[in-house]
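Chemist: coords please:
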Amino acid sequence: MASSGPTTNAQDQAEAAAMRKGEGRGGTIAGLPPCAIEDGLQKYVLIQVGEGHLVRGAVSAAYHRDAAQPCVEQLSALGVDYEVLGGGRIALDRASKSIKIYGFSYGFPWQGRPRHDITADVVQAHFPGWTVTTSDEGY
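Modeler: Predicted structure coming up:
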């Protein structure tokens with residue numbers, strides 16, 4: 001299988017692990033959209049904040065930590081507890097109004113089974129009427 005970007009190494013995994021979980025001061029996420037993804041193929045992360053979830057993706061992200069970092073920095077600044085649950089890839093096609101959620105992240109490996117189902121729920125609420133599919137296969 002052909003490489004589709006940089007390879008995750010031990011340093012990348014350590015940097016991702018350092019941002020995986022944050023303890024805040026009881027702040028709120030008011031004003032932060034639950035879903036922020038772009039048109040095209042991108043790496044994404046699922047972040048748990050209290051009882052809610054945030055999905056963040058970026059076409060320009062070389063690593064999953066690059067997709068997570070802006071949101072993690074916002075959450076830390078707001079004093080909000082969070083945990084990056086895992087990640088994968090999202091392929092968003094505006095022309096066909098379809099979104100495919102799949103794969104995994106070396107930097108933020110899922111603890112247990114992938115939770116693309118939760119990601120799909122967040123994404124579907126943001127893109128009503130679109131076709132959203134998931135798969136645990138692929139990278």
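
Chemist: quick one: which helix or strand includes the most centrally placed residue in the chain?
Modeler: Centroid-nearest residue in the chain, with C-alpha atoms, centre = their mean: Val45, separated by 1.4 Å. For Val45, the host element (DSSP states H and E) is strand 40-49.

Chemist: please apply the same query to Gln11.
Modeler: Going by DSSP H and E, Gln11 is in helix 10-19.

Chemist: what's next to stretch 54-71, contact-wise?
Modeler: With contact meaning C-beta atoms under 8 Å, 6 or more residues apart in numbering, stretch 54-71 is reached by 5-6, 8, 12, 15-16, 19, 29, 32, 34-47, 84, 87, 90, 92, 105-108, 119, 122-123. For every residue, glycine as well, the C-beta is placed using N, CA and C.

Chemist: alpha carbons of it, as CSV, please.
Modeler: Output of stretch 54-71 as CSV, limited to C-alpha atoms (Å, rounded to 0.1, in the frame of the first residue of the first chain):
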residue,chain,number,x,y,z
LEU,A,54,-16.0,17.5,19.4
VAL,A,55,-14.8,16.4,16.0
ARG,A,56,-11.9,18.1,14.5
GLY,A,57,-10.3,17.5,11.1
ALA,A,58,-7.8,19.2,8.8
VAL,A,59,-6.8,18.5,5.2
SER,A,60,-3.4,20.1,5.9
ALA,A,61,-2.7,17.9,9.0
ALA,A,62,0.4,15.7,8.5
TYR,A,63,-0.3,14.0,11.8
HIS,A,64,-3.4,13.5,13.9
ARG,A,65,-1.9,15.8,16.6
ASP,A,66,-1.9,18.5,14.0
ALA,A,67,-5.7,18.2,13.6
ALA,A,68,-6.1,18.1,17.4
GLN,A,69,-3.7,20.9,18.5
PRO,A,70,-5.7,24.0,17.7
CYS,A,71,-8.8,22.7,19.6
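
Chemist: for that stretch, what is the average pLDDT?
Modeler: Here stretch 54-71 scores 98 as its mean pLDDT.

Chemist: equivalent analysis for stretch 106-125, please.
Modeler: For stretch 106-125, mean pLDDT is 97.

Chemist: max-length helix in this protein?
Modeler: helix 64-78 (DSSP state H).

Chemist: please identify the buried residues of that helix?
Modeler: 64-69, 71-72, 74-75, 78 (16 or more other C-beta atoms under 10 Å).
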